[in-house]
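S.K.: Sharing a model that was predicted from the sequence below.
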Number of protein chains: 2
Amino acid sequence: MKLRQYGLACLFLQLCIMGSTMWHVECGKILVWHTEGSHWLNLKPLLETLIDRGHEVKVLVQNASLFMDPSEPSRFGYEHFNVSLSLEMVNDFMEEFLHFSMYEMDHMSIWEIYLRFYQLFKKDTAMCIQICEGLLRSDVVMGRLREGRFDVLLADPIYPCSELVAELLDIPLVYTLRFSIGNTMERLCGQIPAPPSFVPGAMGKFTDRMGFTDRLSNLLFYLSQDFIAMKVWEAYDKLYSNVLGRPTSFCESMGRADIWLIRTYWDFEYPRPFLPNFKFVGGLHCRPAKPLPEDMEEFVQSSGDDGIVVFTLGSMIKNLTRERGNMIAHALGQIPQKVLWRYSGERPETLAPNTRIYDWIPQNDLLGHPKTKAFITHGGTNGIYEAIYHGVPMVGIPLFADQPDNMIHMKSKGAAVILDFNSMQSKDLVEGLSTVIHDPSYKESAMRLSHIHHDQPMKPRDQAVFWIEYVMRNKGAKHLRVQAHNLTWYQYHSLDVLAALLAMTALVILIFIKTCAFCFRRCCTRSKTKSKAK
Amino acid sequence: MKLRQYGLACLFLQLCIMGSTMWHVECGKILVWHTEGSHWLNLKPLLETLIDRGHEVKVLVQNASLFMDPSEPSRFGYEHFNVSLSLEMVNDFMEEFLHFSMYEMDHMSIWEIYLRFYQLFKKDTAMCIQICEGLLRSDVVMGRLREGRFDVLLADPIYPCSELVAELLDIPLVYTLRFSIGNTMERLCGQIPAPPSFVPGAMGKFTDRMGFTDRLSNLLFYLSQDFIAMKVWEAYDKLYSNVLGRPTSFCESMGRADIWLIRTYWDFEYPRPFLPNFKFVGGLHCRPAKPLPEDMEEFVQSSGDDGIVVFTLGSMIKNLTRERGNMIAHALGQIPQKVLWRYSGERPETLAPNTRIYDWIPQNDLLGHPKTKAFITHGGTNGIYEAIYHGVPMVGIPLFADQPDNMIHMKSKGAAVILDFNSMQSKDLVEGLSTVIHDPSYKESAMRLSHIHHDQPMKPRDQAVFWIEYVMRNKGAKHLRVQAHNLTWYQYHSLDVLAALLAMTALVILIFIKTCAFCFRRCCTRSKTKSKAK
């Protein structure tokens, strides 16, 4: 990478002390793929650090983005591109997905769920392709990206097409990924091994301790997700082949990623096999708590020895039905703790004086406050990681996507109880809170996870930055890429070799039997001839 | 781990800055398992660092050790124990093994090699069991170990029984391992996944790029090694079960190791899957070059622009036949470089003035010297790692054990040529040296590997120390241990689940066929009745 100069910050070769290694970083240019929701929230602190280290960061953003707001003051540059989608269409799809996950799924058979999920997945793919085509069609933007001579493309593969653009721009690719459903991307495209007997598929709601039925279900879950993915990805295969002018596939393109930064660690995740180019950087957005705003601190201090409970259902849920809102507010009114509830819906009538509602809360700072006794959460990974970072036990009210699965991780590790959003009653919430606050095992488990999180050789964000810069310094990280990428599925599993072995064994047995039979016949013939002669 | 005080060095809680993380280390007590040869040479620098960090290190040594010399001044404490083996017996076995590897193997069929190897493996196991029993029988030593209240046992599992002793002492276990033949220990006991289609078995002499025949051979190599290991380990299974008073196995005991420090990295090794408790710390013994002794530096400088060649066949080979010695010396005399040859055998008659023979050479310092152009090596991992560290291309003359396999790694990565010790002639050695010195691709490849080695987030030795201390701080690292340890082999591979699925599918098909047949018969009967009625 040649030394490039962007303003004063990049005038000199930087010497950075990070890890125990001293390595030099030449200022580089990082292109960031468009993303959404919590994925974007998680990415921002990493981009801030990269900018602090002197790199230039340019973020791709499309006109129908729900969560990326280029008008917000920021230190990144944005590169806009237009797509043939409207904000309304994207929003409608999101609403449809949320409604399916939160309300419809409970009343559906397994087949109906799969069919509906397949339809939604196809719809999502069609939108992603529209976004991809929007970018590729814009000669101006693509021209600017080419001229930009970026050193790396940083992308969340949940928002596809980054691999195609990286190939067109001929630059290395670093993924940042929480998970794909059933780990299809990691397994089928990243070649990570995941024996279904002890590696539960993401979103399958199993732990790593599975009995026979769970192992059977997990295997079927993998197979069904693989089938859906292969079907849905066909649209990408076609697009990628057309654009590149040679037969290729989505998976093959994904397989060229140099590094996969996985946004978990063994505090949250069950231990499982992985590959040298998979780096686990869970909780990279976490940081020590900062002081609270004055009035909030006052409210928190007024809780005395009982402490506080922090409550949020995440950035996607703005509103609850009046009944659910009142039920929750009623429950919160019965506990001795003070409650800080992030909620922008209608104020519940049953809201008690111990509960304050906020449009926004400094969640990380509250979770890191010494008065915090519990965290009521929808189970998003970002929030869970903040709770792990600060060692706070959780009451999970998972709503959709990976949230139920995430909360099962926390429950199985002893740091959370789980409630069902649709069926829970006030007493369940009161009991749940009482359990995680008064049964010391929950706090102990949360602290154990926190300890695992902090007792790593390198901070997650430092590790992420190291590998992004590694790829920039070395134009990739091909020495970490397994040869499995060059094998077919049957070669990978040695099925051709086993078939040949079986055939050879069968042949040997056949020859043996035929020889025996021949000898036997000869003997019989001889003895018959003899007896006839006699 | 309670704070213990051993002299001044351990009076205070140490604050160590290592990696980017600040973590405190309480002075601990480390028990080190007896070991031999290059394994011991590799372990010593790590123990030195642990002592530098304030830990007390006690090394177990048996009276028939060939390479550990407790009379040598050192900073470790030694704990002696007696075994019913003599130095002569161990030496004889070593000679037998060397003779088999270096001379006999070439003239044997594959079956004869396997049979001979199996016999040697059994003999080695019998000796290891004698060593193990020697320790266990000594109530005095075992009592001292119990009273010692060690925080961790650090062991190379190639010298078995450490897992049994760790269990008896009820302390965590950290392995340091280069490899086991066919990766049997790592795969069968450590549960590391190794698909035979792209993970070549250690010592199998394959790379990770295998065609059909290589993949078939690699699979057969795995299977044969598994078979041999399972047969040979039966002796340990019996011993361990007897001592622990419950049915157990060698593999099960090995599976309780908290951390496996693997003494390679992706500079040397082909990328492959691994597990969270496997840490790759290859080259932890390497360090920057120190100045050479004055007369040696003078000789090196006298080489001018041609530079020098460093030559050693390792610590195990003291002597060569006169013919081989002369052939090598003759070859060395034909190159323009000056040669420093570590050799304690008879002085070859053909020795040229450009070649100097030494009983011992400061290998690392020579390899790190700017005048060094090439390294002639037997292909031991320690030497190869020093060459990688300093970016020196190699001419490999592998002799036995893992050496041929090691050199194939270096050759496939473009940093070495390989010669056959028994058949090579002077011109081959001259040509080999000329190739690695004058074809720039060899130096470039060596420098690329060196770059990979140095461009890691953490130095290998720091990483090893971190994980040893992690285990000491946390009394183990159970959160990194996969659930695969609790599955049988058929459960691991989901064979029971697949069998059930097959059975269910067969049942469904059977019911379907039976129903169809039944319906068909009913239809036929009716139409026959009708036609009869007609």
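M.R.: Yep, that arrived. Residues are numbered from 1 along each chain as shown, chains lettered A, B, ... in the order given.
S.K.: From the contact counts, what lies against the host helix or strand of residue A:118?
M.R.: In the assignment (DSSP states H and E), residue A:118 maps to helix A:110-137. Counting contacts by 3 or more CB pairs under 8 Å, 6 or more residues apart in numbering or on different chains; DSSP states H and E, helix A:110-137 packs against strand A:56-62, helix A:87-99, helix A:139-148, helix A:162-169, helix A:212-244. Yep, even glycine has a C-beta here, placed from its N, CA and C like the rest.
S.K.: Which one, of those, ends up nearest to residue B:372?
M.R.: helix A:162-169 (39.7 Å; CB to CB).
S.K.: Now the element after the closest one, going C-ward?
M.R.: By DSSP H and E, the next helix or strand past helix A:162-169 is strand A:173-177.
S.K.: what does the helix or strand that comes right after that following strand contact?
M.R.: Downstream of strand A:173-177, the first helix or strand assigned by DSSP H and E is helix A:184. Contact partners of helix A:184, identified using CB atoms under 8 Å, 6 or more residues apart in numbering or on different chains, comprise A:225, A:226, A:229.
S.K.: between those residues, which is closest to residue B:219?
M.R.: residue A:226 (24.4 Å).
S.K.: Next one: that closest one from residue A:238, what distance?
M.R.: Remark: distance between residue A:226 and residue A:238 (CB to CB, to the nearest Å) = 19 Å.
S.K.: These two: which has the busier surroundings?
M.R.: Shown here are residue A:226 and residue A:238; by other CB atoms under 10 Å in any protein chain shown, residue A:226 has more neighbours (16 against 13).
S.K.: Quick check: closest non-adjacent residue to that one.
M.R.: residue A:184 (6.0 Å; CB to CB, 6 or more residues apart in numbering or on different chains).
S.K.: returning to what we had before: tilt between the helix holding residue A:118 and helix A:162-169?
M.R.: Using axes from the mean of the first three to the mean of the last three CA atoms, to 10 degrees, the direction of helix A:110-137 lies 20 degrees away from that of helix A:162-169.
S.K.: now the angle between helix A:212-244 and helix A:110-137, please.
M.R.: 20 degrees.
S.K.: Helix A:110-137 to strand A:56-62, inter-axis angle?
M.R.: Using the same axes, to 10 degrees: helix A:110-137 against strand A:56-62 is 120 degrees.
S.K.: Helices along the stretch 401-534 of chain A, start to end?
M.R.: A:403-412, A:426-438, A:440-454, A:460-474, A:489-492, A:495-533 (DSSP state H, counting those that start in this stretch).
S.K.: How far does the second one sit from its chain's centre?
M.R.: On the basis of CA atoms, centre = their mean, to the nearest Å, helix A:426-438 sits 29 Å off its chain's mean C-alpha point.
S.K.: who touches it?
M.R.: Counting by CB under 8 Å, 6+ apart, A:307, A:309, A:327-328, A:330-332, A:334-335, A:337, A:373-374, A:376, A:393-395, A:416-417, A:419, A:442-443 sit against helix A:426-438.
S.K.: Spatially nearest residue to residue A:373 (excluding sequence neighbours)?
M.R.: Nearest non-adjacent residue to residue A:373 (CB to CB, 6+ apart): residue A:307, at 4.0 Å.
S.K.: Wait, the one you found touches residue A:340, no?
M.R.: No. In this structure residue A:307 lies outside contact range of residue A:340 using CB atoms under 8 Å: 11.3 Å.
S.K.: okay, these two: which has more neighbours?
M.R.: residue A:340 (25 against 17).
S.K.: Let me know the secondary structure of that one.
M.R.: Secondary structure, DSSP: H, G, I helix; E, B strand; the rest coil: residue A:340 is strand.
S.K.: isn't it right next to residue A:295, touching?
M.R.: No. When contacts are counted by CB under 8 Å, residue A:340 is not listed as touching residue A:295 (11.3 Å).
S.K.: Walking through the stretch 251-400 of chain A, point out its strands one by one.
M.R.: A:259-262, A:278-280, A:308-312, A:338-342, A:355-358, A:372-377, A:394-396 (DSSP state E, counting those that start in this stretch).
S.K.: Minimum distance to residue B:494: which of those has it?
M.R.: strand A:278-280 (22.5 Å).
S.K.: so what's the closest residue to residue A:35 other than its chain neighbours scoring on pLDDT?
M.R.: Among residues not flanking residue A:35 along the chain, residue A:156 sits closest, at 4.8 Å (CB to CB, 6+ apart). Looking at residue A:156, its pLDDT is 97.
S.K.: Return the backbone torsion pair for residue A:156.
M.R.: With angles defined as degrees, to the nearest 10, residue A:156 sits at phi -90, psi 110.
S.K.: rewinding a little: now the strands of the stretch 251-400 of chain A as a markdown table including mean pLDDT?
M.R.: Formatted as a markdown table, the strands of the stretch 251-400 of chain A follow (pLDDT from 0 to 100):
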| stretch | mean pLDDT |
| --- | --- |
| strand A:259-262 | 98 |
| strand A:278-280 | 98 |
| strand A:308-312 | 97 |
| strand A:338-342 | 97 |
| strand A:355-358 | 96 |
| strand A:372-377 | 98 |
| strand A:394-396 | 98 |
